[in-house]
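Novice: Quick one, structure for this:
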Amino acid sequence: MSSAIEPFNPENIGQAMTMADTLAKSALIPTALRGKPADVFVVIAKGRELRLSPMQSLGEINVIEGKPVSSAALKVGLCLREPAICEYFRLVSGDATQATYETKRAGSAPVKLTWTIAQATKASLAGKQNSTRHPDAMLRARCSSALATAVYPDLVQGLITPH
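Specialist: You can find the predicted model right below:
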């Protein structure tokens, strides 16, 4: 008998809906999901497709304008958990003006991508509050997300990252 703590995963749609209703009442889930059991259910369901626990899903997937939206960290994690497909995914360089990542898909040449503060400004991302406070983190997230989507669309399943 294992002493490991297993995450609670609903076994059927009824359990998932009950879980979503309960979680939607919690102050410990993302603000955008509070009081919205249907949105919580969508997040849990999408996470299940990606082999995530409900709580991992709530932490890394949101519903924005009716679409499941992932964090950049989730996209990279989805790639790295498949070492037979993603040989590596690494930060090459990064600071408040640019971020460069490189990855290698099995059987393909390495792919490198850079995101700059000029690109973020053009995309109207650089003036947002978190981007102003942490431009290096914003550039790393945008770059890694774009690279994961470009090289591993099958692994990230078409999830978009919010602008």
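
Novice: which stretch of helix or strand covers the residue nearest to residue 110 when sequence neighbours are not counted?
Specialist: With Cβ to Cβ, 6 or more residues apart in numbering as the criterion, residue 110 has its nearest non-adjacent residue at 4.4 Å, and that residue is residue 104. C-betas here are computed from N, CA, C, even on glycine. Taking DSSP states H and E as the definition, residue 104 sits inside strand 98-105.

Novice: Report the next helix or strand after that strand in sequence order.
Specialist: Once the chain leaves strand 98-105, the next helix or strand it forms, by DSSP H and E, is strand 111-116.

Novice: hang on, the earlier thing: parallel or antiparallel, list what pairs with the strand holding residue 104.
Specialist: According to DSSP bridges, strand 98-105 forms sheet pairs with strand 86-94 (antiparallel), strand 111-116 (antiparallel).

Novice: what's the most buried one of those strands?
Specialist: Of all those, strand 111-116 has the most neighbours on average by mean count of other Cβ atoms under 10 Å, namely a mean of 17.

Novice: pLDDT of that one, averaged?
Specialist: Averaging pLDDT along strand 111-116 gives 97.

Novice: Can you tell me the closest non-neighbouring residue to the residue sitting nearest the centre point of the chain?
Specialist: Ranked by distance to the mean C-alpha position of the chain (Cα atoms, centre = their mean), the top residue is residue 71 at 2.6 Å. Excluding the flanking residues, the one nearest residue 71 by Cβ to Cβ, 6+ apart is residue 60, at 4.7 Å.

Novice: ok, so what distance separates that neighbour from residue 92?
Specialist: Distance, residue 60 to residue 92, using Cβ to Cβ, to the nearest Å: 24 Å.

Novice: Test my guess that residue 29 contacts residue 55.
Specialist: No - in this structure residue 29 lies outside contact range of residue 55 using Cβ atoms under 8 Å: 9.0 Å.
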